[in-house]
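S.K.: give me the fold of what follows.
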Amino acid sequence: MTAFMMAAMVALFALSVPIAISIAAAAIGGITLFTPMPLVVVAQKLMTSLDSFPLMAVPLFILAGNLMESGGISARLVDFAKSVVGGIQGGLACSCVLTCMIFAAVSGSSVATTFAIGAIIIPAMIAHGYPREFAAALQATSAELGVIIPPSIPMILYGVSAEVSIGDLFLAGIGPGLLIGGALILFTYLLCRLNGWGTGDREGRLSFVRATERAALALLMPVIIIGGIYRGVFTPTEASAVAVVYAFAVGMGVYRAIGWRDLGPILRKSVLSSAIIMFVIAAAGLFSFLITRAGVPAAIGAWIAGAIGSGWAFLLAVNVFLFVVGMFIETSAAIIVLAPILAPVAVHFGIDPVHFGLVMIVNLALGMVTPPFGVNLFAACQVANVGIERIVPRLVPFVAVVFACLMIITYVPGLTLLFRSLP
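M.R.: Okay, here's the model as predicted:
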């Protein structure tokens, strides 16, 4: 059944059938031909895949992102990032990464980061002469920091599944987030120098003091969100609602960039964007249910635990395994299924479960930017109005950079556990 579904899905992709429909159709074919289950299961699993409290954060953060975009908050964050790194060649592209790092401390969602920042930075990069495909690939990759830098919904899911402190996971995400963000900025700078992109990025750049003054309320938003989470005022999912209220209050009441007439188009845009992403998540959930029912993840996890005799080799095998899994199974589903299987094996090899959680999350975050289930790709392609087949060649070097960072995170546990050890 699994082989049939994979082949059917690839064939539908080749015929240019939309991603979500291809996934759902392959799953329906698997149910029809290989199981006695009635087709009513399709509707049930599509609904239950979305029946998740943490997933409520996705449409709310998308709405918050659109409010931030229309209300001038995202633009001020971009201006602030440009004032920091915009003075170098390729500074606008580097600003994309830095802005995503700041926004990640608000959203907890890579998809929301893609829409909120990409709607501003991608058109700006295209206007400054950057290739459209490069802009979309950079935004999709940078946005995965939304689930690595806390708060992070996948961290919550791992903490619940593996019975690990979510607070420790949040602290552990700071080091890897800074490493990946710094590596992407450095690689982007070198790439721009090599290709001659971004020579005019200094134009229109505000001074650091002026940009900080204009972005003060925008920069206060991550402080409120993260501070509220760490002090136990609200959960990360509830933080998405706080982000909506804050973005609305600042955009309408302070910056006065949003009027009552603007709310209709903002809500409509948010609903459409949410529907597209949620349709993909629902279809991926159905597909993941069938693969899990067939015992594929559990069988592979059990094989890894039995065939490998050292922690070093175990981590290497897990990274390869999760990289492949992340390409085909939605991140939340993969964590819920695999964390209870792999985390005890990691502990058996003497690996800290918090460190292992970050290895899992960073690895599966790569699945958000790799075909065929890369939700960041779909979002970035929608914003940039470019086909996914055109973005993939530009995406490969960025994936390589993140994977190199993943290897450092995997074998240098002190990077992950540093902030947890501080008083």
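
S.K.: can you pull the contacts of residue 406?
M.R.: Applying C-beta atoms under 8 Å, 6 or more residues apart in numbering, one finds that residue 406 lies in contact with 319, 359, 362, 363, 366. Every residue, glycine included, has its C-beta placed from N, CA and C.

S.K.: local confidence estimate at the third one?
M.R.: Think residue 362. Residue 362 is assigned 93 on the pLDDT scale.

S.K.: in a markdown table: the contacts of residue 406, plus secondary structure and neighbour count.
M.R.: As requested, the contacts of residue 406 are arranged in a markdown table below (DSSP: H, G, I helix; E, B strand; the rest coil; neighbours: other C-beta atoms under 10 Å):
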| residue | secondary structure | neighbour count |
| --- | --- | --- |
| 319 | helix | 20 |
| 359 | helix | 25 |
| 362 | helix | 27 |
| 363 | helix | 24 |
| 366 | helix | 22 |
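
S.K.: which one of those is nearest residue 239?
M.R.: Among the contacts of residue 406, residue 362 lies closest to residue 239 (C-beta to C-beta), at 21.5 Å.

S.K.: tell me which stretches of the stretch 1-150 of the chain form helices.
M.R.: Using DSSP state H, counting those that start in this stretch, the helices of the stretch 1-150 of the chain run over 2-14, 19-34, 40-50, 57-70, 73-85, 91-107, 110-127, 132-143.

S.K.: what pLDDT does the nearest residue to residue 23 once chain neighbours are set aside get?
M.R.: Distances taken as C-beta to C-beta, 6 or more residues apart in numbering place residue 283 nearest to residue 23, at 4.0 Å, with adjacent residues excluded. We have a pLDDT of 83 for residue 283.

S.K.: and residue 283, how far from residue 326?
M.R.: 16 Å (C-beta to C-beta, to the nearest Å).

S.K.: of these two, which one has the most company?
M.R.: With neighbours defined as other C-beta atoms under 10 Å, residue 283 and residue 326 compare such that residue 283 has more, 27 against 22.

S.K.: re earlier: in CSV, list the helices of the stretch 1-150 of the chain along with distance to residue 212, mean pLDDT and mean neighbour count.
M.R.: Compiled in CSV, the helices of the stretch 1-150 of the chain are given as follows (distance: least, C-beta to C-beta, whole Å; pLDDT from 0 to 100; neighbours: other C-beta atoms under 10 Å):
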stretch, distance to residue 212, mean pLDDT, mean neighbour count
helix 2-14, 46, 83, 16
helix 19-34, 41, 88, 20
helix 40-50, 40, 88, 16
helix 57-70, 17, 79, 27
helix 73-85, 6, 84, 24
helix 91-107, 12, 85, 28
helix 110-127, 18, 83, 26
helix 132-143, 22, 91, 28
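
S.K.: and of those, who's closest to residue 418?
M.R.: helix 91-107 (17.5 Å).

S.K.: and the closest one, how far from the chain's centre?
M.R.: Computed by C-alpha atoms, centre = their mean, to the nearest Å, the chain-centroid distance of helix 91-107 equals 13 Å.

S.K.: just want the angle from that helix to helix 73-85.
M.R.: If you take axes from the mean of the first three to the mean of the last three C-alpha atoms, to 10 degrees, helix 91-107 sits at 130 degrees to helix 73-85.

S.K.: alpha carbons only: can I get helix 91-107 in PDB?
M.R.: The C-alpha coordinates for helix 91-107 follow below in PDB (Å, rounded to 0.1, in the frame of the first residue of the first chain):
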ATOM      1  CA  GLY A  91      22.000  43.400   2.900                       C
ATOM      2  CA  LEU A  92      18.400  43.200   1.900                       C
ATOM      3  CA  ALA A  93      18.600  39.400   1.500                       C
ATOM      4  CA  CYS A  94      20.400  39.200   4.900                       C
ATOM      5  CA  SER A  95      17.700  41.300   6.400                       C
ATOM      6  CA  CYS A  96      15.200  38.600   5.300                       C
ATOM      7  CA  VAL A  97      17.000  36.100   7.600                       C
ATOM      8  CA  LEU A  98      17.400  38.500  10.500                       C
ATOM      9  CA  THR A  99      13.700  39.600  10.300                       C
ATOM     10  CA  CYS A 100      12.600  36.000  10.400                       C
ATOM     11  CA  MET A 101      14.700  35.400  13.500                       C
ATOM     12  CA  ILE A 102      12.900  38.300  15.200                       C
ATOM     13  CA  PHE A 103       9.500  37.300  14.000                       C
ATOM     14  CA  ALA A 104      10.100  33.700  15.000                       C
ATOM     15  CA  ALA A 105      10.200  34.900  18.600                       C
ATOM     16  CA  VAL A 106       6.500  36.000  18.100                       C
ATOM     17  CA  SER A 107       4.900  33.500  15.800                       C
END
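
S.K.: now for it, which elements pack on it?
M.R.: Applying 3 or more C-beta pairs under 8 Å, 6 or more residues apart in numbering; DSSP states H and E, one finds that helix 91-107 contacts helix 57-70, helix 73-85, helix 110-127, helix 132-143, helix 174-195, helix 216-230, helix 236-248.

S.K.: which of those helices sits closest to residue 290?
M.R.: helix 57-70 (22.9 Å).

S.K.: now the angle from that closest one to helix 216-230?
M.R.: 160 degrees.

S.K.: so helix 57-70 versus helix 236-248, what angle?
M.R.: 20 degrees.

S.K.: can you add distance to residue 310 and give the helices and strands packed on helix 91-107 back as JSON lines?
M.R.: Below are the helices and strands packed on helix 91-107 laid out as JSON lines (distance: least, C-beta to C-beta, whole Å):
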{"stretch": "helix 57-70", "distance to residue 310": "38"}
{"stretch": "helix 73-85", "distance to residue 310": "41"}
{"stretch": "helix 110-127", "distance to residue 310": "33"}
{"stretch": "helix 132-143", "distance to residue 310": "32"}
{"stretch": "helix 174-195", "distance to residue 310": "23"}
{"stretch": "helix 216-230", "distance to residue 310": "36"}
{"stretch": "helix 236-248", "distance to residue 310": "35"}
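
S.K.: tell me which of the ones you listed lies nearest to residue 386.
M.R.: helix 132-143 (5.3 Å).

S.K.: contact partners of the helix or strand immediately after the closest one in the chain?
M.R.: Counting by DSSP states H and E, the next helix or strand C-terminal to helix 132-143 is helix 153-162. Residues outside helix 153-162 that contact it (C-beta under 8 Å, 6+ apart): 54, 57, 108-109, 147, 164-166, 169-170, 173, 235-237, 331-332, 335-336, 339-340, 343, 353, 357, 360-361, 364-365.

S.K.: so residue 197: helix, strand or coil?
M.R.: Assigned with DSSP: H, G, I helix; E, B strand; the rest coil, residue 197 falls in the coil class.
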